[in-house]
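Novice: Predicted coordinates and the sequence they were generated for:
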Amino acid sequence: MDAAGDRLRDPRQRAERAAQILDVAAALLIRHGYRRLTVDDVAIGAGIGKGTIYLHWKSRDELFAAVFAREIMQALDALVSALREDPDVVLPGRLARAYFLAIMNRPLLRALVVSDVDLLGRLAKPREGREGGGEDRHRLLSDSYFTLLADNGVLREDIGADAIAYAFQATFEGFVRAEAEIATPVASRDARSGLARRADLLAATVQRAFEARRAIPARTTNALAERVIELLTQLNEGEQAGIGPAEA
């Protein structure tokens, strides 16, 4: 095996090379869109041979699946950071706001959730077999999250936790889908301000609809935040499997 192949055998160097490829693939996907982008383009952008990409992922679709798995991981990391900075983010309204912004401030993740066919082509369309795996992990986290909140008196008591989990998801997805009718955000003050206002409206809607009408003690939110961080970390470990390169 040549020197390049030997270097790819080293786990740390393989991970660094994979991250570089994903960086380039994500940037080119935003710039050119899925229909126009080829593995050759990514290889040229990364300054490597096309064969090196196939040492990491077996197909073009696997490469772009890894791009989006990493986007999801980064959004979850943003939630973890927000919870560590302020445990009150564990409350449904605050958490909805933080996750909404984590998605909408990432162009590729935004394009995925609003089904932007112009940018993503067939990647934006639901595919058979997408259910399971990641979808199941997210659903389990949601169930665990709302059960924790109900057990600690954070949610209103006249609606069951399962019903609140469903209504929360429907509300969140409604706000997300509404973004499809709004021009793609740009790096301008007005765009950021408008997005922040919509995030605030989401937070207020969720808070008024689902949270208990009482102050939650800091010791409770601190403990809940630690538990939710654990759940998000476990979820992220599952998403990591979607990034992992194929064996050379």
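Specialist: All right, it came through fine. Residues are numbered from 1 along each chain as shown.
Novice: remind me which residues of the protein are low pLDDT?
Specialist: Under the criterion pLDDT under 70, the flagged ranges of the chain are 1-9, 125-137, 140, 183-191, 239, 241-248.
Novice: One more pass at 90, please.
Specialist: The model of the chain has pLDDT under 90 over residues 1-15, 34-35, 61, 65, 69, 111-143, 177, 179-194, 234-248.
Novice: separation between the most centrally placed residue in it and residue 172?
Specialist: Note on the chain: the residue nearest the mean C-alpha position is residue 72, at 2.5 Å, using C-alpha atoms, centre = their mean. Using C-beta to C-beta, to the nearest Å, we find residue 72 at a distance of 15 Å from residue 172. C-beta: built from backbone N, CA, C; applies to glycine.
Novice: got the CA positions of stretch 168-187 in PDB?
Specialist: Extracted as PDB, the C-alpha positions of stretch 168-187 are listed here (Å, rounded to 0.1, in the frame of the first residue of the first chain):
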ATOM      1  CA  PHE A 168     -45.300  20.400  20.700                       C
ATOM      2  CA  GLN A 169     -43.900  18.500  17.600                       C
ATOM      3  CA  ALA A 170     -46.800  19.700  15.500                       C
ATOM      4  CA  THR A 171     -46.300  23.300  16.600                       C
ATOM      5  CA  PHE A 172     -42.500  23.200  16.000                       C
ATOM      6  CA  GLU A 173     -42.900  21.600  12.600                       C
ATOM      7  CA  GLY A 174     -45.500  24.200  11.700                       C
ATOM      8  CA  PHE A 175     -43.100  27.000  12.400                       C
ATOM      9  CA  VAL A 176     -40.300  25.200  10.600                       C
ATOM     10  CA  ARG A 177     -42.400  24.600   7.500                       C
ATOM     11  CA  ALA A 178     -43.600  28.200   7.500                       C
ATOM     12  CA  GLU A 179     -40.000  29.200   6.800                       C
ATOM     13  CA  ALA A 180     -40.300  27.600   3.400                       C
ATOM     14  CA  GLU A 181     -42.500  30.600   2.400                       C
ATOM     15  CA  ILE A 182     -39.800  33.100   3.600                       C
ATOM     16  CA  ALA A 183     -36.800  34.000   1.500                       C
ATOM     17  CA  THR A 184     -33.700  32.100   2.400                       C
ATOM     18  CA  PRO A 185     -32.000  34.000   5.300                       C
ATOM     19  CA  VAL A 186     -28.900  35.900   4.400                       C
ATOM     20  CA  ALA A 187     -26.200  37.300   6.600                       C
END
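Novice: which residue sits closest to residue 38, ignoring its sequence neighbours?
Specialist: Nearest residue to residue 38, sequence neighbours excluded (C-beta to C-beta, 6 or more residues apart in numbering): residue 60, at 7.5 Å.
Novice: other SSEs contacting the helix or strand hosting residue 30?
Specialist: Per DSSP states H and E: residue 30 is located in helix 11-32. In terms of contacts (3 or more C-beta pairs under 8 Å, 6 or more residues apart in numbering; DSSP states H and E), helix 11-32 is packed against helix 3-9, helix 39-46, helix 50-56, helix 60-85, helix 107-113, helix 117-120.
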